[in-house]
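S.K.: Give me coordinates for this.
(one chain, ligands or ions: 1)
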Amino acid sequence: MSARPELPAALPIGPQEPVEVPFWEGLRDGELRMQHCGGCDLWIWAPSWICPSCHAFDPPWRKVEPHGRVYSWTETFHAFPASQEFRDALPYVTALVELPQAGGRRLLGIVTGEAPVLIGTPVTAWVQPASELTGGWPVLRWTTDTEVTE
Ligand SMILES: [Zn+2]
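M.R.: The predicted model follows:
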């Protein structure tokens, strides 16, 4: 169990296109949201105006249970010229997290927590509140901890 760390966010952050707004609104509400096409039962990530399978417009957004497992991961030990904002957070783990309850869609994110990160490690999403460090937007994070303290 560990406290939630304050980490920087990779910039740019926040909705880059209007179609992404519901995802960020979800984070502001403390929820993970993804699109789900009712026409063909497909979970969609990244956000899209159209279902890539049946071509229905405006697939609706649904809350997704914030649990997944690590599909792949990497650990960063050096700050690259384009990511100097992470210099004080080194080393950190970035994982591609698979969501079985959302059709196996995969999301990228930094993983915090005490347990080691391995392929298949169960992780839980948490939302780092918006701050100056995160460009004013909440950020989706993952943790290996089963219980997180403030
Ligand atoms: Zn569809």
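S.K.: Going by C-alpha atoms from here, please, whenever you check contacts or count neighbours.
M.R.: Noted.
S.K.: and residue 83, helix, strand or coil?
M.R.: Each residue gets one of three states, and residue 83 gets helix by DSSP: H, G, I helix; E, B strand; the rest coil.
S.K.: Kindly state the neighbouring-residue count (a burial measure) for it.
M.R.: Residues within reach of residue 83, counting by other CA atoms under 10 Å, total 13.
S.K.: pLDDT value on the closest residue to it other than its chain neighbours, please?
M.R.: Counting by CA to CA, 6 or more residues apart in numbering, residue 83 lies nearest to residue 10, which is 7.3 Å off, once chain neighbours are set aside. Among the per-residue scores, residue 10 holds a pLDDT of 82.
S.K.: quick one, what contacts residue 10?
M.R.: When contacts are counted by CA atoms under 8 Å, 6 or more residues apart in numbering, residue 10 touches 83, 85, 134.
S.K.: Was I right to think the last one contacts residue 8?
M.R.: Yes. Because the distance of 5.3 Å satisfies CA atoms under 8 Å, residue 134 is recorded as touching residue 8.
S.K.: Which residues does the strand ranked longest in the chain contact?
M.R.: Here the longest strand in the chain is taken by residue count, with DSSP state E as the criterion, and it is strand 67-76. Contact with strand 67-76 is made by 90-100, 106, 117-125, as judged by CA under 8 Å, 6+ apart.
S.K.: Narrow those to those in strands?
M.R.: When strands are assigned by DSSP E, the members of these inside them are 92-99, 106, 122-125.
S.K.: how about these, which pair is most distant?
M.R.: Between any two of the ones in strands among the contacts of strand 67-76, the greatest separation by CA to CA is 21.4 Å, found for 92 and 99.
S.K.: Looking at those two, which has the bigger crowd around it?
M.R.: residue 99 (20 against 17).
S.K.: wouldn't the more buried one be in contact with residue 106 here?
M.R.: Yes. Contact between residue 99 and residue 106 holds when scored by CA under 8 Å: they sit 6.1 Å apart.
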